[in-house]
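Q: Please find the sequence and the predicted model below.
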Amino acid sequence: MLDESLLDAPEALARADIRGLLRGAAESGARVRTAARHAAEAGVGDLKPDGRPRAVLVAGPGAAGSCTADLLGALSGGNCPVSLIAPTGVAPAPGALHWTLPGWAGPLDLLVIATPDGTEPGLPLLVEQAYRRGCALVSVAPGHSPLADAVAQARGLLVPLAASANASAPYTTNPHATGPSTTSPYADDEHGVAPRPTHPEGAPPEGAIGEPPPHDTAAPQHQHPHTEPPGTAPDEVTGPALPGTLWALFTPLLVLVDRIGLVSAPPAALQQVADRLDQVAERCGPAIATYTNPAKTLAAELAGALPLLWTEGPLAAATGRRFAGLLAALAGRPALVSELPGALAAHGTLLAGSFAGGADPDDFFRDRVEEPEALRARVVLLHEEPVGRVSAVPNARELALAHDTAFSELEPAEGSSLLESAAELLAITDFAAVYLALASADRS
């Protein structure tokens, strides 16, 4: 049950937000700017690739891997295959997860590792596999972590994770360390990472970012105690990439894919993304009343409902999948995601059954005071741009109305770029999931 009065009580929301979820959502724009600066300082802009890679492989725990892979795939538009390397393990815990490169991966491919932690034992082992295969390697992770050392020794490129504003000192295994890690022989810059060089002669194969690592007989090994980086929620390592953290992980990868020609994401476009995230934070902040706050409105509409997230467009589809994941992880609410026009057939029976808005038991006049409110379906339409002639959105609206099913609709401002559209949809749904979690009595 949702306590709607809490939505318009900023001080009460702040007390309920013991994990800093609203702060994380509000600082997403700042994390984009900081992450872009970290990418520039790490040398991403100085890379000299010989064309696009054959494939981009993405690995990381929880949504750090799945969401970044999903968004990169949506933005690439099919220009290059983007594949997620899903972890395996006996338990959903960092120490139990293992990643394995596909058998075909080699020097023509790019491996991207994204994690807010950097201490997962399975990720340095994945780096070792990439080292032996000659894959180009880029990672976004805390700057002083076992993964950072492994990437540096494998001659990969590390972009330090942009920390939250409420994080304390940088992650380090040495509490007195103030400079780069001293355990890596390649730690020759301020981040403890040496960008991989390129050479005019003996250039790397097409698609490689820099010089492939040499095939030594023994890859480097690392042993570090597990220390959680400040500002990282424990469930964020294997669960959802919380608001703010997603952009800290995703922004350096945007700089990277822009450099290799996969996606257009120049510095000016990233600044626009940060500005759009700031604008959404102003519209969706806790001090803004529900009736003018799109995120609070959506949270209130989803109270007691089964969300049917219908999406149109690859970015909207990725946003819908992330929204469903956040609703489950933060608010404990189920949601079903489907892409239009297939959603009309896939969920049509739900709208005609007991979940339909107009459905009602035969005994209409019985006393319902002591009965829990029935769960009803609510369609949430997510699309990227104004509806055109070939859009299925009008049919979706008509189907919902025909079955007396309520629906909500989110679309970015007209004239938005793909990156701005993604930023707006992700930010509004992030805020909505947080508000639903904070104002749900059964989650408090």
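A: Arrived safely. Numbering: from 1, shown residues only.
Q: Check what pLDDT the residue lying closest to Asn395 once chain neighbours are set aside gets.
A: Among residues not flanking Asn395 along the chain, Leu344 sits closest, at 6.2 Å (Cβ to Cβ, 6 or more residues apart in numbering). Where you see a C-beta, it was placed from the backbone N, CA and C, and this is true even at glycine. According to the prediction, Leu344 has pLDDT 95.
Q: List the residues that contact Leu344.
A: By Cβ atoms under 8 Å, 6 or more residues apart in numbering, the contact list for Leu344 reads Ala392, Asn395, Ala396, Leu399.
Q: most surrounded residue in these?
A: Counting neighbours by other Cβ atoms under 10 Å, Ala396 leads the contacts of Leu344 with 24 neighbours.
Q: My guess is that residue contacts Trp310. True?
A: Yes: in this structure Ala396 lies within contact range of Trp310 using Cβ atoms under 8 Å: 5.5 Å.
Q: Residues that sit against both of those two, list them.
A: For the pair Ala396 and Trp310, residues contacting each of them under the criterion Cβ under 8 Å, 6+ apart are Leu340, Ala343, Val379, Leu381.
Q: so of those residues, which ones are in strands?
A: Val379, Leu381 (DSSP state E).
Q: Closest to Ala163 out of the shared contacts of Ala396 and Trp310?
A: Checking these against Ala163 by Cβ to Cβ gives Leu381 as the nearest, at 35.6 Å.
Q: The residue nearest to Asn395 and Leu57, how far apart?
A: As judged by Cβ to Cβ, to the nearest Å, Leu344 and Leu57 stand 34 Å apart.
Q: Now Gln272. Nearest residue, chain neighbours left out?
A: Glu420 (5.7 Å).
Q: any idea of the mean pLDDT in the helix or strand harbouring the one you found?
A: Secondary-structure assignment from DSSP states H and E places Glu420 in helix 418-439. Throughout helix 418-439, pLDDT has a mean value of 95.
Q: cool, stretch 129-141 as well?
A: The average pLDDT for stretch 129-141 rounds to 96.
Q: first to last residue in that stretch, what's the distance?
A: 18 Å (Cα to Cα, to the nearest Å).
Q: ok, the residue nearest to Asn395 to Met1 distance?
A: Distance of Leu344 to Met1, computed by Cβ to Cβ: 31 Å.
Q: Restricted to buried residues, select the shared contacts of Ala396 and Trp310 in ChimeraX.
A: To isolate the buried members of the shared contacts of Ala396 and Trp310 in ChimeraX, using 16 or more other Cβ atoms under 10 Å:
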select :340,343,379,381
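Q: could I get the shared contacts of Ala396 and Trp310 as TSV with distance to Gln272?
A: What follows is the shared contacts of Ala396 and Trp310, written out as TSV (distance: Cβ to Cβ, whole Å):
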residue	distance to Gln272
Leu340	27
Ala343	30
Val379	30
Leu381	25
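Q: ok, so of the shared contacts of Ala396 and Trp310, who is nearest Ala439?
A: Nearest to Ala439 out of the shared contacts of Ala396 and Trp310 is Val379 (Cβ to Cβ; 21.7 Å).
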